[in-house]
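*Asks:* mind folding the following:
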Amino acid sequence: MDVWDSMCRTIMSAVFRRGAMMGTLRCNHPDIEAFIEAKQDPGRLRMFKLSVLVSDDFMAADKADQAWDLNFGGVCYKTVSARELWDRIMRSTYSYAEPGVIFIDRINETINLGYCEQIFATNPCGELPLPPYGACLLGSINLASLVRAPFEEQAVLDTEALKQLVATAIRMLDNAISISRFPLQAQKQEAEEKRRIGLGVTGLADALIMCRVRYGSCLLY
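*Replies:* Modelled structure (predicted):
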């Protein structure tokens, strides 16, 4: 991971934007304790986001305050308290914002493509669970640009324009999959067959201010 971190630090994305990688490790891996504490060193793994893959069995062991085996390749290297391990994850997350947790069994049980894939990670920001060679394709709609008569009494979010923009953005993201050049054939096949996209929003705070609305008080329309 340190080698990949150095590589990502050297090769910046789109010249000016730093790279980002997601590192995940199952909660029963022998290195999980070192993984939890890896980013407590302020100069280490800065290009990574880290998350622990938490299983249903681990959560059950934590709830029952049972022992938890750390194993790899069929060999048990260490036995720890599941509750203490969970507490270490939570303390590190609270103090250092790393690692996150991914409830991997929950994802694989509920994902609508579970019949043909298994999820092992997410994209670096965690919006999109991904299988091997999966690609993250995300876009955002700027809500502030859709406010009509901003700061006036009649200020309102143009929902009709929002509907049209959503349809256009979805079409654009899907087209991006078709025209993209992927480094590996496996990535190209994964993206084109499943066509994963995500469309979110940005500019919510600005839109609320323009509409003279206090957050949580009412709808924008």
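*Asks:* quick one: contacts for residue 107?
*Replies:* Taking CB atoms under 8 Å, 6 or more residues apart in numbering as the contact definition, residue 107 lies against 119, 129. (Glycine included, C-beta is placed from N, CA and C.)
*Asks:* distance check, it against residue 57.
*Replies:* According to CB to CB, to the nearest Å, residue 107 and residue 57 sit 15 Å apart.
*Asks:* how about residue 68?
*Replies:* Separation of residue 68 from residue 57 (CB to CB): 9 Å.
*Asks:* look at the two and report which has more neighbours.
*Replies:* A direct count of neighbours by other CB atoms under 10 Å for residue 68 and residue 57 places residue 68 higher, at 21 against 14.
*Asks:* pretty sure the more buried one is in a strand, no?
*Replies:* Yes - the assignment for residue 68 by DSSP: H, G, I helix; E, B strand; the rest coil puts it in a strand.
*Asks:* for it, which non-adjacent residue is spatially closest?
*Replies:* residue 82 (3.9 Å; CB to CB, 6 or more residues apart in numbering).
*Asks:* and residue 131, by the same measure?
*Replies:* Excluding the flanking residues, the one nearest residue 131 by CB to CB, 6+ apart is residue 117, at 4.2 Å.
*Asks:* helices and strands of the protein: which one bottoms out on pLDDT?
*Replies:* Lowest mean confidence among the helices and strands of the chain (mean pLDDT, DSSP states H and E): helix 2-10, at a mean of 87.
*Asks:* what is it packed up against?
*Replies:* strand 21-26 (3 or more CB pairs under 8 Å, 6 or more residues apart in numbering; DSSP states H and E).
*Asks:* show residues contacting the next helix or strand after the strand it packs on.
*Replies:* Using DSSP states H and E, the next helix or strand after strand 21-26 towards the C-terminus is helix 32-37. Helix 32-37 has contacts (CB under 8 Å, 6+ apart) with 23, 25-26, 29, 50, 52, 70, 80, 85, 88-89, 92, 99.
*Asks:* which of these tops the neighbour count?
*Replies:* That'd be residue 52 among the contacts of helix 32-37, by other CB under 10 Å, with 27 neighbours.
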